[in-house]
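1. This is a predicted model, with the sequence first.
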Amino acid sequence: MTVMTESQYPPGSGPMTVHDLEGMPQDGRRYELIDGTLLVSPAPGYRHQKIGYRLHHTLETACPPEFDVVGAPFAVHVGDRLELQPDVLVARASDFTDVDLPVPPLLAVEVLSPSTSIHDLNTKKAVYERLGVPSYWVIDPAAPELTVFELDDDGCYQQIAKAAGDEAFEAQQPFPVRVVPGVLAGRS
């Protein structure tokens, strides 16, 4: 992952905006923006993609009609200096536009990759927390393992569950669904 800090912008250009992302090349990389700072990630690998697709299918099968499940690349942006592309997200169907989700999702999921894990576990987690995303899931394909964070009454993430291998996580938010990390990884 490459991070372009404010000091690396051309003189006088300042932090980037969501509008600036429209000019990024269509090269398979993921371009995200956090508070005007550009994060560039390589295209996800095979295992990463398979886990994301399997989770999408699991969520879609259990999804009530008032929600939608969407996989990356799909932009979540709140304001003009923030655009994220979670690997999988769930939001109210009525909140989507044809091109983006302009409000925080109800669930954001990131599948860890060697080049993104520090940002997924720290930077993005903090942004999702700040936005008030009720549930944030992180999947480690190597274990395989699912770590679940939910907002507490003070608006701070607390780890509420961790499931590994064939252990099941019985989610209640944003809707009831059973997730088994080993199944997502194709090991069960």
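-> Noted; the coordinates are in hand.

2. so where is this protein shaky, pLDDT-wise?
-> The chain contains residues with pLDDT under 70 at 1-14, 187-188.

3. Quick one: the helices in it, in order.
-> Secondary structure of the chain (DSSP state H): helices located at 18-21, 46-62, 117-118, 124-131, 181-184.

4. Show me the one of those that comes nearest residue 102.
-> Nearest of the helices of the chain to residue 102, taken as C-beta to C-beta: helix 18-21 at 10.0 Å. Where you see a C-beta, it was placed from the backbone N, CA and C, and this is true even at glycine.

5. Pull the distance from the closest one to the chain's centre.
-> Its chain's C-alpha centre and that of helix 18-21 lie 19 Å apart, by C-alpha atoms, centre = their mean, to the nearest Å.

6. what does that helix rub up against?
-> 31, 33, 75, 77, 79-83 (C-beta atoms under 8 Å, 6 or more residues apart in numbering).

7. and if you look at stretch 92-105?
-> Under C-beta under 8 Å, 6+ apart, the answer for stretch 92-105 is 65-68, 70, 74-78, 83, 86, 89-91, 106, 128, 131-133.

8. For the residues you listed, which ChimeraX command selects only the ones that are buried?
-> Provided next is the ChimeraX selection string for whichever of the contacts of stretch 92-105 are buried by 16 or more other C-beta atoms under 10 Å:
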select :67,68,70,74,75,76,77,78,83,86,89,90,91,106,128,131,133
